[in-house]
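Enquirer: I'll drop the sequence and a predicted model, then ask my questions.
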Amino acid sequence: MVDGQLRARGIADERVLAAMRRVPRHAFVPEDLIGEAYADHPLSIGEGQTISQPFIVALMTEALALTGEEKVLEIGTGSGYQTAILAELARRVFTVERSTCLSRAAEERLRRLGYAAIAFRVGDGTLGIPDEAPFDRILATGSLPRRPRRLVAQLGSEGIFVFPVGNRSLQELVAIRREGRSFKETALGPCAFVPLIGEEGWTGGAWCGDTNP
């Protein structure tokens, strides 16, 4: 996976490649899909959610330019696979998931794998975690209809925010870097993510344990 799908397609950050090699992707997919765990396409994890294809995970992680000292906010815990990659590369990870069931399953999985520097929250991730802001890096693992102002406001000085933005079927992956009071945006390419449901995201979609659909 690392050599044939990531390095061969331009992922060059050796820390990212090493993290992708260390994290057992098969531990994050349903049992009946283990045989496809390392294939270069997304897989369903239930509740209409997916684990992103390895290349997209690597691309988004590389765009964060992590050095190991950052406090990172992840929007959309999902299976916890991207969370694990972030935990390999950052000082501290805060992850928010709307579905109680997915969040609990991911927390149990990640604790079992030995990841301790992760704080889990259940709620509307499109609002971020204001009481823990600012964050050095923010990553959204689902699509947004527009730039979410509340998340951007929680980005620290010289921080980077990576997220897919567009319509429900097709988006552009972008990276925003904060430079003082201004922001520099870089397009990373087209993508297709499941929608992020929330006040600054999309509407609809009641999930397991979700008391505020």
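Expert: Yes, it's here. Numbering: from 1, shown residues only.
Enquirer: for the spatially most central residue of the chain, give its distance to residue 106.
Expert: In the chain, the residue lying closest to the centroid (Cα atoms, centre = their mean) is residue 141, at 3.8 Å. Using Cβ to Cβ, to the nearest Å, residue 141 is found at 12 Å from residue 106. From N, CA and C alone the C-beta is placed, and that goes for glycine too.
Enquirer: overlap of the contact sets of these two?
Expert: 77-78 (Cβ atoms under 8 Å, 6 or more residues apart in numbering).
Enquirer: can I get the lengthiest helix in the chain in CSV, CA atoms only?
Expert: Ranked by residue count and defined by DSSP state H, the top helix of the chain is helix 100-112. Extracted C-alpha coordinates of helix 100-112, given in CSV (Å, rounded to 0.1, in the frame of the first residue of the first chain):
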residue,chain,number,x,y,z
THR,A,100,-22.2,8.2,19.7
CYS,A,101,-21.9,4.6,18.5
LEU,A,102,-19.0,5.4,16.1
SER,A,103,-17.2,7.5,18.7
ARG,A,104,-17.4,4.8,21.3
ALA,A,105,-16.3,2.1,19.0
ALA,A,106,-13.4,4.2,17.7
GLU,A,107,-12.3,5.1,21.3
GLU,A,108,-12.3,1.4,22.3
ARG,A,109,-10.4,0.5,19.2
LEU,A,110,-7.7,3.1,19.6
ARG,A,111,-7.3,2.5,23.3
ARG,A,112,-6.8,-1.2,22.6
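Enquirer: who touches that helix?
Expert: 27-28, 45-47, 49, 77-80, 83-84, 87, 95, 97, 118, 120-122, 207-210.
Enquirer: what residues sit buried inside it?
Expert: 102-107, 109-110 (16 or more other Cβ atoms under 10 Å).
Enquirer: check those and tell me the two furthest apart.
Expert: With Cβ to Cβ as the measure, no two of the buried residues of helix 100-112 lie farther apart than 102 and 110, at 12.2 Å.
Enquirer: can you read off the pLDDT for residue 181?
Expert: Turning to residue 181, the model gives it a pLDDT of 87.
Enquirer: how far away is it from residue 53?
Expert: Distance from residue 181 to residue 53, by Cβ to Cβ: 36 Å.
Enquirer: the more surrounded of those two?
Expert: Ranked by neighbour count (other Cβ atoms under 10 Å), residue 181 and residue 53 place residue 53 first, with 16 against 6.
Enquirer: which residues are in contact with the more buried one?
Expert: Residue 53 touches 39-42, counting by Cβ under 8 Å, 6+ apart.
Enquirer: switch to 7 Å and redo it
Expert: By Cβ atoms under 7 Å, 6 or more residues apart in numbering, residue 53 lies in contact with 40-42.
Enquirer: roughly how far apart are the residue lying closest to residue 171 once chain neighbours are set aside and residue 145?
Expert: Excluding the flanking residues, the one nearest residue 171 by Cβ to Cβ, 6 or more residues apart in numbering is residue 164, at 3.9 Å. Per Cβ to Cβ, residue 164 is found 10 Å from residue 145.
Enquirer: packing partners for the strand ranked longest in the chain?
Expert: For the chain, the strand that runs over the most residues, judged by DSSP state E, is strand 155-166. On a contact count with 3 or more Cβ pairs under 7 Å, 6 or more residues apart in numbering; DSSP states H and E, strand 155-166 meets strand 135-140, strand 171-179.
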